[in-house]
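Asker: Whatever this is, show me its structure:
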Amino acid sequence: MVVHLGGGADGRLARRAHPALAVDDYALTRRLRGRGYDVAPDDARTRGCYVDDPQGNRLELIDANSPR
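Answerer: Predicted coordinates:
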């Protein structure tokens, strides 16, 4: 899957305006950490986390298998 998003003049999204992606395999966070990405848990929810892509855009990952 590829998601294309528009950004500001510098190509970055505003920090608060971020996409949230539901992921079936929440083990993705372990793979991201293993590749050096900082994965920050969403303290307001136990089923989500945030990670910045290589361009510095914030992405929210939500466990698609957890109850909402």
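Asker: Run through the strands of this protein in chain order.
Answerer: Taking DSSP state E as the test, the strands found in the chain are 20-23, 39-41, 48-52, 58-63.
Asker: I'd like to know which elements the third one is packed against.
Answerer: Where contact means 3 or more C-beta pairs under 8 Å, 6 or more residues apart in numbering; DSSP states H and E, strand 48-52 is packed against helix 28-34, strand 39-41, strand 58-63. Any C-beta I mention is one placed from the backbone N, CA and C, and that applies to glycine too.
Asker: Just give me the neighbour total for Ala64.
Answerer: The local packing of Ala64 (other C-beta atoms under 10 Å) involves 13 other residues.
Asker: Numbering from 58 from now on, please.
Answerer: Got it, the first residue is 58 from now on, which makes the last one we talked about Ala121.
Asker: dump the residue contacts of it.
Answerer: For Ala121, the contact set (C-beta atoms under 8 Å, 6 or more residues apart in numbering) comprises Ala79, Val80, Asp81.
Asker: what's the closest of those to Leu116?
Answerer: In terms of C-beta to C-beta, no member of the contacts of Ala121 lies closer to Leu116 than Val80, at 10.2 Å.
Asker: Just confirm that closest one contacts Ile119, I think it does.
Answerer: Yes. In terms of C-beta atoms under 8 Å, Val80 counts as a neighbour of Ile119; the distance is 7.0 Å.
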